[in-house]
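[1] Just the structure for this:
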Amino acid sequence: MIRTAILVDGGFYRKRAKHQWGVKTSEERASELSAYCMAHIKKKDGKQERQLYRIFYYDCAPSKRSVYHPLTRENIDLDKSDTYTWTLAFLEEMKRRRKFAIRLGVLAEKPNYNLRPSVTKDLLNNKRTLKSLTERDFEFHAQQKGVDMRIGIDIASLVYKHQVDQIILIAGDSDFVPAAKLARREGIDFILDPMGADIKADLFEHIDGLETPWKHNSANRSQSQFEK
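    Numbering: from 1, shown residues only. Below you'll find the predicted structure:
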């Protein structure tokens, strides 16, 4: 039996899940994530079965700040937005689920609204004008702080305490490389799940394999509740 820990970069997961499987309620998204993680556990490595040690979920609580919007020239109270309400409800759902450990970082003190990259490109290529801009052309941006650090600390702890044989990381960037190298040096099987997103070619040398259990349209299958 292979003891497996699953680590989830929450910001990455929510973005990819919305892209692949659409908008969902906080409860539906939490059930989806539980089922997605369990799809990993149901897989076998050769003839060996995986046993779930724990699912570690990393994210940030939503900001309560008031943020200036450059188009409307108004201050927007983030704690009155639908996103704020949804995120709080989602985190509460995750806390109630069996085998989940929640690790929260913090958002940057100065969040802002930026033009979407595609809109900026259209403006520079004279395909759009400033007068044509709408609120949908802007996206809220708040940098997460402390999330990558918590992922690294947990990987080191799992490795040095010999709590698991395998780590599956659901993430999409290269910030995990130092922690992955540490885990592999200590004999841990380190699997990356980028949820179908492209990763840099040089990352392959720092992992033991890629694994994505669901394809684009697979989230409509039966989702186990897996609740406490």
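[2] the strands in the protein, which residues?
    Along the chain, the stretches classed as strands by DSSP state E are 2-9, 44-45, 48-60, 66-69, 74-77, 100-107, 112-115, 138-141, 144-145, 166-170, 189-193, 209-210.
[3] Among these, which one carries the weakest average confidence?
    Taking the mean pLDDT of each of those, the lowest value is held by strand 144-145, a mean of 78.
[4] Point out the other helices and strands that that strand packs with.
    Identification of packing neighbours for strand 144-145 by 3 or more CB pairs under 8 Å, 6 or more residues apart in numbering; DSSP states H and E yields strand 48-60, strand 100-107. For every residue, glycine as well, the C-beta is placed using N, CA and C.
[5] Packed most tightly, which of the ones you listed would that be?
    Each of these was given a mean neighbour count from mean count of other CB atoms under 10 Å, and the largest, a mean of 19, is that of strand 48-60.
[6] Among the strands of the chain, which comes closest to Tyr36?
    Closest approach to Tyr36 among the strands of the chain (CB to CB): strand 166-170, 8.1 Å.
[7] starting at the chain centroid, how far to the closest one?
    Offset of strand 166-170 from its chain centre (CA atoms, centre = their mean, to the nearest Å): 13 Å.
[8] Show me where the protein has its helices.
    Secondary structure of the chain (DSSP state H): helices at 10-21, 26-41, 82-95, 117-124, 147-160, 177-185.
[9] which of these sits most buried?
    Highest mean neighbour count among the helices of the chain (mean count of other CB under 10 Å): helix 26-41, with a mean of 20.
[10] Report the distance from the lowest-mean-pLDDT helix or strand in the chain to the chain centre.
    One helix or strand of the chain scores below all others by mean pLDDT, DSSP states H and E: strand 144-145, with a mean of 78. Centroid displacement of strand 144-145 relative to its chain, using CA atoms, centre = their mean, is 13 Å.
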